[in-house]
Each structure stands twice: as structure tokens, then as C-alpha cells.
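Enquirer: Structure for this input, please:
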Amino acid sequence: MKAIWNDTVIAESDETIMVENNHYFPVESIKKEFFKESETHTTCPWKGVASYYSVEVYGSKNIDAAWYYPKTSALANHIEGYVAFWKGVDVKP
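Expert: Next comes the predicted model:
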């Protein structure tokens, strides 16, 4: 799977995990030069507290376009640290 934004592959992996129609990418598969930590946090009732990254490619920013769970609940420990995308990031094979 590839995550693409602004015509650039920002993550790529053959080992994503599908949860609630989102592909979660292993953290080592993201191209860290395009990711900036965000102050945003949200809570999922069964996964835990999510943290966010903003994606920046060639000067264009996509605020809070990626999220991950640094510490999940027991029900979601299989995606702990994995990164998922939204806000126009195209995820495809």
C-alpha cells in the first residue's frame, strides 16, 4: 500500500493493518521528512488517545492529515504506533 499526498509517496508498506476501513502503516514505513508532530489529540472509545501529524510536501501543508495511537487500549494493541491517513491523502495499492 502507498499513501500519497501532493503527488508524493509519503508512506509505503506491504504490511498495513486494516481497521475501520483505514490502512494503518507501520511507523517505519512513513517518510519522516514529510511529517511534523501536531498538538492535536482525540479519543476513540475503544482504541485510546490518538496523536496527529501534519504532512508537509514541497511547502504545502496538510494539517493533522495522519494519526496514530502511541499507547492503545488492550483491544487495539495490534495498531499501537501505526499511522493512518485522511484529509485527502490517497491510500492505494
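Enquirer: and the closest residue to residue 29 other than its chain neighbours, what does it touch?
Expert: Nearest residue to residue 29, sequence neighbours excluded (CB to CB, 6 or more residues apart in numbering): residue 13, at 3.7 Å. No exception for glycine: its C-beta is placed from N, CA and C like everyone else's. Neighbour list for residue 13: 1, 25-26, 29 [criterion: CB atoms under 8 Å, 6 or more residues apart in numbering].
Enquirer: So which of these sit within strands?
Expert: Assignment to strands by DSSP state E places none of the contacts of residue 13 there.
Enquirer: can you tell me which of those residues lies nearest to residue 37?
Expert: Distance to residue 37 across the contacts of residue 13 (CB to CB) is lowest for residue 25, with 16.7 Å.
Enquirer: What about that closest one, how many residues nearby?
Expert: For residue 25, the neighbour count with other CB atoms under 10 Å is 26.
Enquirer: what's across from it in the sheet?
Expert: Counting by DSSP bridges, residue 25 is bridged to residue 83.
Enquirer: distance of it from residue 60?
Expert: Separation of residue 25 from residue 60 (CB to CB, to the nearest Å) stands at 20 Å.
Enquirer: Ok, residue 83 next?
Expert: Counting by CB to CB, the gap from residue 83 to residue 60 is 19 Å.
Enquirer: ranges for the strands of the chain?
Expert: Under DSSP E, the chain gives strands at 2-5, 8-12, 17-19, 22-24, 35-44, 48-57, 60-68, 83-85, 90-92.
Enquirer: Buried residues, the last one. List them.
Expert: When you say that, I think you mean strand 90-92. Neighbour counts over strand 90-92 (16 or more other CB atoms under 10 Å) mark residue 91 as buried.
Enquirer: Now that strand: average pLDDT?
Expert: Per-residue pLDDT over strand 90-92 has a mean of 98.
Enquirer: Repeat that for the first one.
Expert: On average, the pLDDT along strand 2-5 is 98.
Enquirer: same question, the third one
Expert: In this model, strand 17-19 has an average pLDDT of 98.
Enquirer: Would you give the sheet partners of it, along with the direction of each?
Expert: Strand 17-19 has these strand partners (DSSP bridges): strand 22-24 (antiparallel).
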